[in-house]
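**Q** Next come a sequence and a model predicted from it.
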Amino acid sequence: MIQQNKTVLLLAFLILVWGINWPLSKVALQYTPPILFAGLRAFIGGLLLVLVALPKYKKLQFRKNWPVYLLSALLSIVLYYGVQTIGLQYTPAGLFSAIVFLQPVLLGLFSWMWLGESMTRQKMLGLLVGFAGVATMSLGGLSGNISPIGIILAIITALTWALGTVYVKKIGHKVDSLWLTAMQITIGGIILLAVGTGMEDWSAIVWNASFIADTVFISIFVIALGWFVYFKLIHEGEASKVGSYTFLIPLVSIFTSVIFLDEHVTLNLLIGLILILASIILVNVRFRKARENNVA
């Protein structure tokens with residue numbers, strides 16, 4: 001019971017901070033170029049985790065584990081944040097986020113294929129219903145210019161997030177989880193800063209109180225603590241089940257935007273909420289018939 005309560009609290013924390021990250025980032029991007037911002041928040045968050053991990057420095061084993069750190073950094077940080085940042089310039093945010101949250105469906109498939117997790121018709125139905133819920137909430141994003149490049153970049157974003165999660169789950173027992181998270185975020189931040197420095201201008205950043213507060217909050221809670229909690233949950237449970245709860249992230253994001261950015265509650269939002277709740281039940285509650293339909 002204690003372990004279950006701990007998992008619920010960690011999930012609630014993750015959904016909350018990753019949900020409010022979207023409107024907070026939207027505010028911060030008024031004062032900074034996007035790639036430099038992605039690199040800055042990742043680098044700061046990674047350094048904070050490095051400081052926390054220093055007492056366990058013997059478990060770093062950088063010479064042995066650097067390929068693992070680099071590949072996980074490329075998948076979960078560089079490609080995920082970098083491609084996402086570029087793709088949002090080509091595609092309306094609502095549509096882009098809907099495609100990105102194809103990730104839990106892909107994660108369920110990859111976890112079945114490469115991690116040996118069970119896959120029932122009920123679970124797959126639940127993942128598809130959750131994706132439909134996110135897509136329904138994001139229908140407002142269908143207005144505006146829709147570029148095939150933006151759609152491709154959104155799919156790549158979802159793929160890299162899913163692949164990065166499966167990779168960390170697969171090799172998680174071989175490396176220290178805290179050092180893995182710290183190294184992948186720090187290395188990813190350094191690469192993004194290098195790319196941003198080549199493409200953008202540091203003088204374009206407006207270092208006002210709003211930008212600094214947003215960056216500090218995102219670096220600590222969204223990047224450092226958020227990714228650590230996410231990978232901890234993935235390591236301790238089924239990746240596909242944890243992934244199903246991430247469908248709630250855009251819901252939190254939209255409600256936060258309604259409260260702080262004067263956006264509006266729509267019928268699509270309410271329908272999407274119902275579909276997402278149904279999705280989580282289908283993925284995580286095993287009904288008797290679901291056992292008969294196991295295709296793993």
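**A** Nice, thanks for sending it over. Keep in mind the model is a prediction, meaning the values are calculated, not measured.

**Q** Poorly predicted segments of the stretch 1-150 of the chain, please.
**A** Within the stretch 1-150 of the chain, the segments meeting pLDDT under 70 span 1-2, 92-95, 138-146.

**Q** can you do 80?
**A** For the stretch 1-150 of the chain, applying pLDDT under 80 flags the ranges 1-4, 22-23, 26, 85, 88-99, 101, 134-135, 137-147.

**Q** quick one, helices of it?
**A** 2-28, 34-53, 62-73, 80-87, 93-100, 103-114, 121-137, 148-171 (DSSP state H, counting those that start in this stretch).

**Q** can I get the CA coordinates of the last one in PDB?
**A** Output for helix 148-171, consisting of C-alpha atoms alone and laid out as PDB, is shown next (Å, rounded to 0.1, in the frame of the first residue of the first chain):
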ATOM      1  CA  PRO A 148       3.800  18.100 -44.100                       C
ATOM      2  CA  ILE A 149       7.300  18.900 -42.700                       C
ATOM      3  CA  GLY A 150       5.700  19.800 -39.400                       C
ATOM      4  CA  ILE A 151       3.700  16.600 -39.300                       C
ATOM      5  CA  ILE A 152       6.800  14.500 -40.000                       C
ATOM      6  CA  LEU A 153       8.700  16.400 -37.300                       C
ATOM      7  CA  ALA A 154       5.900  15.700 -34.800                       C
ATOM      8  CA  ILE A 155       6.000  12.000 -35.600                       C
ATOM      9  CA  ILE A 156       9.800  12.000 -35.200                       C
ATOM     10  CA  THR A 157       9.300  13.700 -31.800                       C
ATOM     11  CA  ALA A 158       6.900  11.000 -30.700                       C
ATOM     12  CA  LEU A 159       9.200   8.300 -32.000                       C
ATOM     13  CA  THR A 160      12.300   9.600 -30.200                       C
ATOM     14  CA  TRP A 161      10.500  10.000 -26.900                       C
ATOM     15  CA  ALA A 162       9.200   6.400 -27.100                       C
ATOM     16  CA  LEU A 163      12.500   5.000 -28.300                       C
ATOM     17  CA  GLY A 164      14.400   6.900 -25.600                       C
ATOM     18  CA  THR A 165      12.000   5.600 -22.900                       C
ATOM     19  CA  VAL A 166      12.300   1.900 -24.100                       C
ATOM     20  CA  TYR A 167      16.100   2.300 -24.300                       C
ATOM     21  CA  VAL A 168      16.400   3.500 -20.700                       C
ATOM     22  CA  LYS A 169      14.100   0.800 -19.500                       C
ATOM     23  CA  LYS A 170      16.100  -1.800 -21.400                       C
ATOM     24  CA  ILE A 171      19.600  -0.800 -20.100                       C
END
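
**Q** who's in contact with that helix?
**A** 68, 71-72, 75-76, 79-80, 83-84, 86-91, 95-96, 99-103, 106-107, 110-111, 114-115, 180, 230-231, 234-235, 239, 243 (C-beta atoms under 8 Å, 6 or more residues apart in numbering). To be clear about C-beta, it is placed using only N, CA and C from the backbone, and glycine gets the same treatment.
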